[in-house]
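> dropping the sequence and predicted coords here.
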Amino acid sequence: MICSAKVDNDMESISLKNAQEQVDHWIKTVGVRYFSELTNTAILMEEVGELARIMSRKYGDQSFKGKESEADLGDEMADILWVLICLANQTGVDLTEAFVKNMEKKSKRDATRHQNNNKLKSD
């Protein structure tokens, strides 16, 4: 039996909450169950490594090998987001709430920090 996951392809309506719900639905209907939190953490590190590899070749000093140049930067970022969402779902983190709190923290803590950083000033 093939299960189909409910996927909302309307980019205008995808929120963090919606993404968390879509991933959870997919995991429960297609993926059977979540991998353990430790496994997903290791997978997250693997995915970040894949992104780093592309970044170091596209924007850094390394060159691509063979078909590596065909790697999709957006797809690698989406893989990271997917696993991060899995971890949030597994650990009961509401990413919308966490993001809002994080933005507030950064806005308060760094209100003038970056404006006063001479390293960031234009020449």
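Sure thing, it's come through. Residues are numbered from 1 along each chain as shown.
> and the next helix or strand past the longest helix seen in the chain?
The longest helix of the chain (DSSP state H) is helix 37-58. If you walk from helix 37-58 toward the C-terminus, the next helix or strand you reach (DSSP states H and E) is helix 73-91.
> against residue 104, how distant is the spatially most central residue of the chain?
Among the residues of the chain, the one closest to the centroid is residue 81, at 2.3 Å (CA atoms, centre = their mean). Between residue 81 and residue 104 the computed distance is 22 Å (CB to CB, to the nearest Å). In short, each C-beta sits where N, CA and C put it, glycine included.
> what of residue 14?
From residue 14 over to residue 104 the distance is 23 Å, taken as CB to CB.
> looking at the two, which one has more neighbours?
Neighbour totals were compared for residue 14 and residue 104, and residue 14 leads with 13 against 10 (other CB atoms under 10 Å).
> isn't residue 15 right up against residue 96?
Yes. Residue 15 lies in contact with residue 96 (CB atoms under 8 Å); the separation is 6.8 Å.
> higher neighbour count, these two?
Neighbour count, other CB under 10 Å: between residue 15 and residue 96, residue 96 has more, with 15 against 11.
> tell me the SS of the more buried one?
helix (DSSP: H, G, I helix; E, B strand; the rest coil).
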